[in-house]
Each structure stands twice: as structure tokens, then as C-alpha cells.
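In: I would like the atomic coordinates for the input below:
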Amino acid sequence: MPDVRRLALLSLLLCAAVLTGSAQGNSAQNPGRAVLGVFSWQRTNASDEKAARALFETLAEVGAGEVYQVLGGKTAPSFWERAGELRIAVYALAGRPEWGLDTNARQMIRQVDSTAKLMAQMGGDGPVGLMLDVEPYLTKAFRKDPERTMEKYLTAMKKAYARAREKGVFLILCIPHFYDAIGHAGVLDALIREACDAVAVMNYQKEDETGQIKTEMEASRQAGKRLIHIYELQRPGLHDLTESNTYYTDGLPAVWESSEKLRAFFDYAGLSFALHDITALREVIAR
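Out: Alright, predicted model coming up:
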């Protein structure tokens, strides 16, 4: 069974190694060679041969080293083959807002177990971990009683993480950038320190990208954990997104410029980046 502490250390070392790479590539490709991940919510990107090939073509075009992919059922042979050939790490991606309300973490534990099973079946050729995107702040329960809801969420995440450690599954927790700003700094700190191996922050507000993740960065730095800064690429108007939330209009060069500023500001080897999501990324590249 893999040692998750060792995997966490290797994750940080991977960031450090890649961050020192040379700058090169076209405007679509990350010039700083920072570790870059891409979200993929479409199951067909893993199950359909043609879609899987197209997925990895796009990932290669932007120089991505990770993909957070919804799995389930059959996966196309070319999906795992291309991931291995391109050395792109695959993380299973799953989550629904209401999962955070179940203090027994049943749905999240199921995801941990299914990821662990696939890892065992495929060995080093399968997924390297799991990303849970559970957003309880979107539920009616949160609107009614935010403090109680966040307490339930923390309890659930701790149980899911305990299962992940037991099964040897590297667990990334996806969160918004504003938990501290809306009065849940204590829960935020505990989530990072006690309920995941790495945290992915949806920092979808361009006005103060450094300030908005200072709390998350400090907790990650002190815990020796990786922080993945996520950029939104979906077009304005979708899901109530405005120009201030997304880089759709700005394009990828603006994303790379922002990532360089964040790297310089925080000077933390455990900082990496991600794009949301593959469909929007293709639109931005084609513009």
C-alpha cells in the first residue's frame, strides 16, 4: 500500500522540479513550465477512444502534467496509454455539494474505495489519486445554518481523508477562495491541515488573486502541502460568471502572466496551477 505521506512529499518535489524548467512554447503553452492541471468533467473523455485522444492532444498543447478526470465504468485503452506516454498524472474527479452534509461521508468514501480499487488493479498505469470537489456552501442547508453545515462538512472530510490514508489514495480537496472571508477561517485551516493531502483553490476573482489565497497558502506552507491555484476559463454569462471571474476573454497569455506573479509573490515550491475546464480551454485556444 502506498505511503500517502511519501506521496505528498513527492508531489511537492515534483512541483519544485518542474518549476525550475526553462521557458519555451507558443502562446497556448505554459511558458514557465509550472505544474499544470486541467479539469475534465465529461466521462466520455475517458471512455471514448476518439474523445480520449482529443483530450490528450489538448493537454499536450498547453503543456499540462495532470488531468482531473471523471471516471466510472469502462475507460478507453488509449486513455491510459496516452496518459502514460505523455507522463500525465490522472486524478479521479468526483463530488456533489450535498456530499458535504453527510457526516458519515458515505459517498466520498465510495469514491475513495473505487479509486483505490482501480489503483490496485492497474498499478502504476492507473490513477495516482482522487480530487473531491464538494461545495456545501451551494446547499440550502448552508443558507439556513452555515456554521452547522461547515462543521458537518469538516467532519465528513476528516472521515474521507482517514479512509484515503488507510487505502493509500492521495486526496486533493477542491475549495473556493472565500471560506475565511465569510467567517469560516477555523474550518478552512482544519480542512487543509487535517482533511487532505493537497488543496485546490478556485480563485475565481481576478482583482486580488494573491490576497484571496494568503490564508490558504499559509496553512498549506505550514502543513507542507501542495496548493493548486485554479483559473476559470468558462465564458462570461455561464453560471453567472462575469469578466472579473474568468480568463475567457483575456486568454492564456494572461493566465501565464498571473501564474508567474503568484509564483514570485509566494515563492513556494508547492504552488501549482490548474485550468477549469477542458471544454472552455479548447474554446479559449480556438479564439
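In: ok, which stretches of the stretch 151-287 of the chain are strands?
Out: Shown for the stretch 151-287 of the chain, the strands assigned by DSSP state E, counting those that start in this stretch span residues 170-176, 198-202, 226-232, 271-276.
In: pLDDT weak spots in the stretch 51-200 of the chain?
Out: Counting by pLDDT under 70, the stretch 51-200 of the chain has no low-confidence residues at all.
In: wait, which of the strands of the stretch 151-287 of the chain is closest to residue 82?
Out: Of all the strands of the stretch 151-287 of the chain, strand 271-276 sits nearest to residue 82, with 18.4 Å by CB to CB. Heads up, the C-betas are built off the backbone N, CA and C, glycines and all.
In: for that closest one, name the packing helices and strands.
Out: If you count contacts as 3 or more CB pairs under 8 Å, 6 or more residues apart in numbering; DSSP states H and E, strand 271-276 packs onto helix 4-19, strand 36-40, strand 226-232, helix 252-266.
In: mean confidence (pLDDT) on the first one, please.
Out: Here the mean pLDDT over helix 4-19 is 48, rounded to a whole number.
In: for stretch 119-130, C-alpha coordinates in CSV please.
Out: Only the C-alpha atoms of stretch 119-130 are listed here, as CSV (Å, rounded to 0.1, in the frame of the first residue of the first chain):
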residue,chain,number,x,y,z
MET,A,119,-5.2,1.9,-8.5
ALA,A,120,-4.7,-1.7,-7.2
GLN,A,121,-5.9,-3.2,-10.5
MET,A,122,-3.7,-1.0,-12.7
GLY,A,123,-0.7,-0.4,-10.5
GLY,A,124,1.4,2.4,-11.8
ASP,A,125,-0.6,2.6,-15.0
GLY,A,126,-3.8,3.9,-13.4
PRO,A,127,-4.8,7.0,-11.4
VAL,A,128,-2.5,8.5,-8.9
GLY,A,129,-5.1,9.8,-6.6
LEU,A,130,-8.5,11.5,-6.2
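In: could the strands of the stretch 151-287 of the chain go into JSON lines alongside mean neighbour count and distance to residue 157?
Out: JSON lines is the format used below for the strands of the stretch 151-287 of the chain (neighbours: other CB atoms under 10 Å; distance: least, CB to CB, whole Å):
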{"stretch": "strand 170-176", "mean neighbour count": "24", "distance to residue 157": "7"}
{"stretch": "strand 198-202", "mean neighbour count": "24", "distance to residue 157": "11"}
{"stretch": "strand 226-232", "mean neighbour count": "25", "distance to residue 157": "16"}
{"stretch": "strand 271-276", "mean neighbour count": "25", "distance to residue 157": "20"}
